[in-house]
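Q: got a structure for you, letters missing:
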């Protein structure tokens, strides 16, 4: 008979590719993990992994099982949340993914207030730089939701907007174009550009620049928003970043926003989850709560300010 613990163990080994790492993830022991896998294999009558040394990879039977195991555990989690909702409570584990910039500059206050209001929810935040890693987590059911600036997203995910955002063209105050009232696109094309190494975000930025008639001359890359900001501050070149992520630098005069002779670059912060016939009550509650929080400019400013104070304290 296949059990919940066997499926949970199987998925942990499939993710980790190693018994020791899987046991650590499950807070269990390696012999216990091995025992669960042997019992599962016996129940199914087919090998699920093939090993090379200490590393494991799924067999064709294991690949098929993974899809059903993920759906089965996700269904059980949804059932638990539905039962809690019937009692009038919001409770249970909630795994939230977010990109570096969104987690640092937009979400801190909203997450704090959500934890404060829903104390029975075990919220865990998982931060990553490229959104592709968050998509993998959603598709593997290790994340419930993921927040990021809108980029190309796998079709298996449902995407909802949380709030509008603007992308700012930023430069050092000493940049040759910093004093201009308006900057023609062809003038911007002649100056060095600092790009993001996060390819999906870079794709968005370069598309917006292209639509405005700018041909960016890339001279450097930064692995995330803060690294790009530092390069811009050091006069390596101009860049395009989420405006809320440079609000402090703009206010302090460490960066300036160039006024491109083109419509503003508008985008939005979104939240994604795996498409299912029924959405989890806990996920829906979280989405509506965060959307309401981010719709209030004062709270968003407080979130950004608290984050800046934390950073300066470090």
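A: Yep, it's here. Bear in mind that the values here come from a model prediction, so they are computed numbers and not experimental data.
Q: the chain: strands as residue ranges?
A: For the chain, strands defined by DSSP state E occupy the ranges 49-52, 55-58, 92-99, 121-128, 145-149, 157-171, 192-196, 217-222, 239-242, 256-257, 265-274.
Q: make TSV from these and add mean pLDDT, mean neighbour count and distance to residue 67 to it.
A: Placement of C-beta: from N, CA and C, glycine included. TSV is the format used below for the strands of the chain (pLDDT from 0 to 100; neighbours: other CB atoms under 10 Å; distance: least, CB to CB, whole Å):
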stretch	mean pLDDT	mean neighbour count	distance to residue 67
strand 49-52	83	12	16
strand 55-58	89	16	11
strand 92-99	93	22	19
strand 121-128	94	15	22
strand 145-149	97	26	20
strand 157-171	96	19	16
strand 192-196	97	22	33
strand 217-222	96	15	36
strand 239-242	96	25	35
strand 256-257	96	19	47
strand 265-274	96	20	12
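Q: dump the ones you listed to TSV, plus distance to residue 80.
A: Compiled in TSV, those are given as follows (distance: least, CB to CB, whole Å):
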stretch	distance to residue 80
strand 49-52	29
strand 55-58	27
strand 92-99	6
strand 121-128	12
strand 145-149	17
strand 157-171	21
strand 192-196	39
strand 217-222	42
strand 239-242	36
strand 256-257	47
strand 265-274	17
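Q: lowest confidence element among the helices and strands of the protein?
A: Taking mean pLDDT, DSSP states H and E as the measure, the chain has helix 297-313 as its least confident helix or strand, at a mean of 49.
Q: from residue 10, how far out is the nearest residue to residue 46 once chain neighbours are set aside?
A: With sequence-adjacent residues excluded and distances taken as CB to CB, 6 or more residues apart in numbering, residue 46 is closest to residue 61, at 4.0 Å. Here the distance between residue 61 and residue 10 works out to 11 Å (CB to CB, to the nearest Å).
Q: more neighbours, those two?
A: In this comparison of residue 61 against residue 10, neighbours counted by other CB atoms under 10 Å, the higher total goes to residue 10 at 26 against 15.
Q: thinking again about what came up before, overlap of the contact sets of residue 61 and residue 10?
A: Shared contacts of residue 61 and residue 10 (CB atoms under 8 Å, 6 or more residues apart in numbering): residue 48.
Q: so who does the nearest residue to residue 147 once chain neighbours are set aside touch?
A: Taking CB to CB, 6+ apart, and ignoring the residues beside it in sequence, residue 147 has residue 98 as its nearest neighbour in space, at 4.4 Å. Taking CB under 8 Å, 6+ apart as the definition of contact, the neighbours of residue 98 are 107, 125-128, 134, 146-148.
Q: for residue 98, name its beta-bridge partners.
A: Using DSSP bridges, the beta-bridge partners of residue 98 come out as residue 127, residue 147.
Q: if I look at it, how far off is residue 280?
A: Counting by CB to CB - residue 98 and residue 280 are separated by 18 Å.
Q: next: residue 254.
A: Between residue 254 and residue 280 the distance, using CB to CB, works out to 42 Å.
Q: so between the two, which is more surrounded?
A: Residue environment comparison for residue 254 versus residue 280 gives the larger neighbour count to residue 280, 23 against 15, counting by other CB under 10 Å.
Q: what score does the more buried one have for pLDDT?
A: You'll see residue 280 listed with a pLDDT of 85.
Q: with residue 66 instead?
A: For residue 66, the predicted pLDDT is 88.
Q: I figured it was touching residue 58, is that so?
A: Yes - using CB atoms under 8 Å as the test, residue 66 is close enough to residue 58 to be in contact (6.5 Å).
Q: between those two, what contacts are shared?
A: Common contacts of residue 66 and residue 58, defined by CB under 8 Å, 6+ apart, comprise residue 14.
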